[in-house]
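Peer 1: what's the 3D shape of this:
(chains A and B)
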Amino acid sequence: MSDAIDTLIDRLCEGQLDSAEMARLERLVSTDPEGMKRLVQALQMDGQLRWEFGAGVGEERTVEKPSQDSVSPLVFDQKWKRVWPSRPFATAAGLLVLLGAGLYAAVWMGGGQRSGVDLAQLEQDMAQADGHLREKAVARFTQHAGLDHADKVARILNDDRSPFVRAAAARGLGWMAAYDQKQPLLRALEDESRMVRLAAIDAIDRIAGVRIVGQQSLTKDNRQAVIDMLEKHWPHVQRHHRRKAQSAG
Amino acid sequence: MTEQTPNVKDANGGDQDRTKLFLRLLTAHQRSIYLYIRSLNANPADVDEIQQQTSMVLWEKFDQFEEGTNFKAWAFRVARYEVYNHRSRQQKGGVRFSDTLLENIAKEAESQSEHADDRAHALHECLGRLNAQDRDLIQQRFSAGASGQAVAARLGRSIRWVYKAVARIRKQLIACVDRKMAQKGALNT
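Peer 2: Below you'll find the model as predicted:
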């Protein structure tokens, strides 16, 4: 019976199951708790792989010309356009487009807390073998460290073996507004992990004020065009941040 | 250049703290919500749309959410409701789980999601241990827009070969994740 369930689960995950097979699968798992567990594990693994490699939401994100003077990006994807073709941006739907795409500048950048945190300890944690610990340490470190520490975070983005840690590093560079870390962030747009690519986009959004709207999908095919556009725009971003730093100083 | 978040402010009646809280919670649980919705849908093509709708409803109803209570449990309830809504909007046809099976899957999925973060970390270690050919196949199969047919054509293999190989690798990954979770559990006890 176990083999029969597994065969049906495989067919389900590939979208090949017909109605009769679905009825059979249901009968089998309804009397077999272990079979039910395997069914859910298989569906969740299918979801994990879709999430990780890009078949899930968010991959069809697009980039257009940067806005003049906003740090907050408008993020859109083709699927949202399909669902809500006529809603204006200033609706909850518009907001949720932003949310669905990930993180947002105003949440983490406003506070600028820089006190009471043992950065040396966090740096030690960032070098530990445990990926979970490294991820948390990177996230905390980038919320509290100054721009003079951005190189360390960029190295982690390039070198860490865990995509969770690399994604935390990419997001962190966004939190730090690390405008001198363009190259590591652009490289991260080509990371094998979708999670890292999305984190890099979020970081670039925050730093550059890039509007990600609906003209070109950020796909493997046109990624280079997007990178070229960002390369062109980046000197303006750097000038802006430097001016801002000077006026603050 | 100033820090402007016009949409955030407008959509949330100006309550920035509440918006921040929502963003944090949604971001933290996005993956779990996606996996939960995937578990409840026989057709993976429906998952994206249901997740988007779920996010929308979560935001619209966020004033009902009490800080300090379990956001993920609340999000799962909303997601399950949206799965039913989606089913009722769809034309008949295509395979779908019966309501009874869906409820049973939901219970099992909620139980499995308790260790979602640990499992995700374990999966990444397991993906790293796949041989190059298997890893490449998985990456191609699960890339955006990829179909089994397209992958088979690219590799010069039959579609049946692709399905069998993907199923084998999926089982291998599940077993690997289970082993790692068991090791972690053993270490923690």
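Peer 1: C-alpha only now, for contacts and for neighbours.
Peer 2: Will do.
Peer 1: name the helices or strands packed onto the longest helix along chain B?
Peer 2: Ranked by residue count and defined by DSSP state H, the top helix of chain B is helix B:159-188. Other helices and strands packing on helix B:159-188, by 3 or more C-alpha pairs under 8 Å, 6 or more residues apart in numbering or on different chains; DSSP states H and E, are helix A:33-53, helix B:116-129, helix B:132-141, helix B:148-155.
Peer 1: ok now that helix, how far from the chain's centre?
Peer 2: Offset of helix B:159-188 from its chain centre (C-alpha atoms, centre = their mean, to the nearest Å): 17 Å.
Peer 1: Give me the buried stretch members for it, please.
Peer 2: By 16 or more other C-alpha atoms under 10 Å in any protein chain shown, the buried positions in helix B:159-188 come out as B:159, B:162-163, B:166-167, B:169-171, B:173-174, B:176-177, B:180-181.
Peer 1: next one: the helix or strand where B:Leu35 lies to chain centre, how far?
Peer 2: Take DSSP states H and E as the rule and B:Leu35 turns out to sit in helix B:16-39. On the basis of C-alpha atoms, centre = their mean, helix B:16-39 sits 11 Å off its chain's mean C-alpha point.
Peer 1: Now do that helix and helix A:33-53, the angle between them.
Peer 2: Interaxial angle, helix B:16-39 versus helix A:33-53 (axes from the mean of the first three to the mean of the last three C-alpha atoms, to 10 degrees): 120 degrees.
Peer 1: Just the angle for helix B:16-39 relative to helix B:116-129, thanks.
Peer 2: 60 degrees.
Peer 1: Which SSE is immediately downstream of helix B:16-39?
Peer 2: Next helix or strand after helix B:16-39 toward the C-terminus (DSSP H and E): helix B:47-60.
Peer 1: re the thing from before, any idea which of the buried residues of helix B:159-188 is closest to chain A?
Peer 2: Ranked by distance to chain A (C-alpha to the nearest C-alpha), those are led by B:Ala167 at 5.9 Å.
Peer 1: Let me know the angle separating the helix holding B:Leu35 from helix B:47-60.
Peer 2: Helix B:16-39 and helix B:47-60 are oriented at 150 degrees to each other (the same axes, to 10 degrees).
Peer 1: which sections of chain B are below the confidence cut-off?
Peer 2: Along chain B, segments meeting pLDDT under 70 span B:1-16, B:91-93, B:144-145, B:186-189.
Peer 1: neighbouring contacts of stretch B:111-118?
Peer 2: Here stretch B:111-118 makes contact (C-alpha atoms under 8 Å, 6 or more residues apart in numbering or on different chains) with A:41, B:32, B:36, B:181.
Peer 1: In this structure the last one contacts B:His121, no?
Peer 2: Same thing as B:Met181. No: contact between B:Met181 and B:His121 fails when scored by C-alpha atoms under 8 Å: they sit 9.8 Å apart.
Peer 1: ok, which stretches of chain A are helices?
Peer 2: Here chain A has its helices, by DSSP H, at A:2-13, A:19-30, A:33-53, A:78-83, A:92-101, A:105-109, A:119-125, A:131-144, A:150-159, A:163-175, A:182-188, A:194-208, A:223-248.
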